[in-house]
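[1] The amino acid sequence is not available; the structure is as follows:
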């Protein structure tokens, strides 16, 4: 077993274990904090796959942005005086059966398909090539995403605003 | 012992996807549903990056992963704003009891 395999199994265990806590925990804050470890593990997997820039973006956007946003959501939508932030589940047993079948089916497909994988080569750094590609063949998508982010910003601010002047 | 290859990453993303589907289906709390969506997007991203590494697609896979991350950020911001509005109206965010778009 090589070092690469050991690191993969470490990250895989981290992801699966913390994702199980995310979906299984009764306490919403525990779920949010173990989501942090899931995101960290996924960032590690990206780096293992030779996508260093995607890994860094994952750390900055997910851990630094989306997770904080989710924690804000938890704190703003639960009474701060209640010590236990609980959340309930519905239809647990049928969903576990259905999701188990789904997972078995997906894993069956992934293992049985004869993927034509080429031998991967380790690039030095992906940033320069990604930037060139992004501004050459994907320049329209780049501009479109900028507009989408602006729309999302304005939309979120409009939706979450308190309008007291009408009342 | 088999060396870690494309299949290992695909199986990992399948497991993560199933966890995400479970969270979206079972949980009542809207924030938990959002976390499930994030898990699903992450598993799809692992697939993109894995195929970009083991396939012969150039940089397309990694760029798609980047776009998915950007869209996930926009989606989380909008969804949190909607959740806050639901909380203002109903004083809870149980998605199975929210059945009106307008009071």
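    On my side now, so go ahead. Since the model is a prediction, treat every value here as computed from it, not as a measurement. Numbering: from 1, shown residues only, chains lettered A, B, ... in the order given.
[2] show me where chain B has helices.
    Remark: helices of chain B, listed N- to C-terminal, are B:6-26, B:30-54, B:60-90; assignment by DSSP state H.
[3] now the ones you listed in JSON lines, with mean pLDDT, distance to residue A:18 and mean neighbour count?
    For the C-beta atoms, the positions are set from N, CA and C on the backbone; glycine is no exception. Output for the helices of chain B, formatted as JSON lines (pLDDT from 0 to 100; distance: least, C-beta to C-beta, whole Å; neighbours: other C-beta atoms under 10 Å in any protein chain shown):
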{"stretch": "helix B:6-26", "mean pLDDT": "93", "distance to residue A:18": "10", "mean neighbour count": "22"}
{"stretch": "helix B:30-54", "mean pLDDT": "92", "distance to residue A:18": "10", "mean neighbour count": "24"}
{"stretch": "helix B:60-90", "mean pLDDT": "90", "distance to residue A:18": "18", "mean neighbour count": "19"}
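[4] Residue A:70: which of these is closest?
    When the helices of chain B are compared for distance to residue A:70 using C-beta to C-beta, the nearest one is helix B:30-54, at 6.1 Å.
[5] can the helices of chain B go into CSV with extra columns for distance to residue A:142?
    What follows is the helices of chain B, written out as CSV (distance: least, C-beta to C-beta, whole Å):
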stretch, distance to residue A:142
helix B:6-26, 26
helix B:30-54, 17
helix B:60-90, 9
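[6] any idea which helix or strand carries the residue positioned nearest the centre of chain A?
    By C-alpha atoms, centre = their mean, the mean C-alpha position of chain A lies nearest to residue A:39, the distance being 5.6 Å. Here residue A:39, judged by DSSP states H and E, is contained in helix A:28-48.
[7] Now do the buried residues in that helix.
    Within helix A:28-48, the residues that count as buried by 16 or more other C-beta atoms under 10 Å in any protein chain shown are A:28, A:31-35, A:37-48.
[8] Does chain B have contacts with it?
    Yes: shown here: helix A:28-48 in contact with chain B (C-beta under 8 Å from any C-beta of the partner chain) through A:28, A:31, A:32, A:35, A:38, A:39, A:42, A:45, A:46.
[9] ok, for the fifth one, nearest residue in space, not its chain neighbours?
    Same thing as residue A:38. In space, not counting the residues next to it along the chain, residue A:38 is nearest to residue A:18; the distance is 4.6 Å by C-beta to C-beta, 6 or more residues apart in numbering or on different chains.
[10] is chain B contacted by the one helix or strand residue A:69 maps to?
    Residue A:69 is located in helix A:67-77, with elements delineated by DSSP H and E. Yes: legend: contact between helix A:67-77 and chain B by C-beta under 8 Å from any C-beta is shown at A:69, A:70, A:72, A:73, A:74, A:76, A:77.
[11] would a markdown table of the residues you listed with pLDDT be doable?
    Putting these into a markdown table (pLDDT from 0 to 100) gives the following:
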| residue | pLDDT |
| --- | --- |
| A:69 | 89 |
| A:70 | 90 |
| A:72 | 88 |
| A:73 | 87 |
| A:74 | 86 |
| A:76 | 83 |
| A:77 | 80 |
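[12] now the angle between helix B:30-54 and the helix or strand the residue nearest to residue A:38 falls within, please.
    With elements taken from DSSP H and E, the one containing residue A:18 is helix A:3-24. Our comparison of helix A:3-24 with helix B:30-54, counting by axes from the mean of the first three to the mean of the last three C-alpha atoms, to 10 degrees, yields an angle of 160 degrees.
[13] List the buried residues in helix A:3-24.
    Of the residues in helix A:3-24, those with enough neighbours to count as buried (16+ other C-beta under 10 Å) are A:8, A:11, A:12, A:14, A:15, A:18, A:19, A:21, A:22, A:23.
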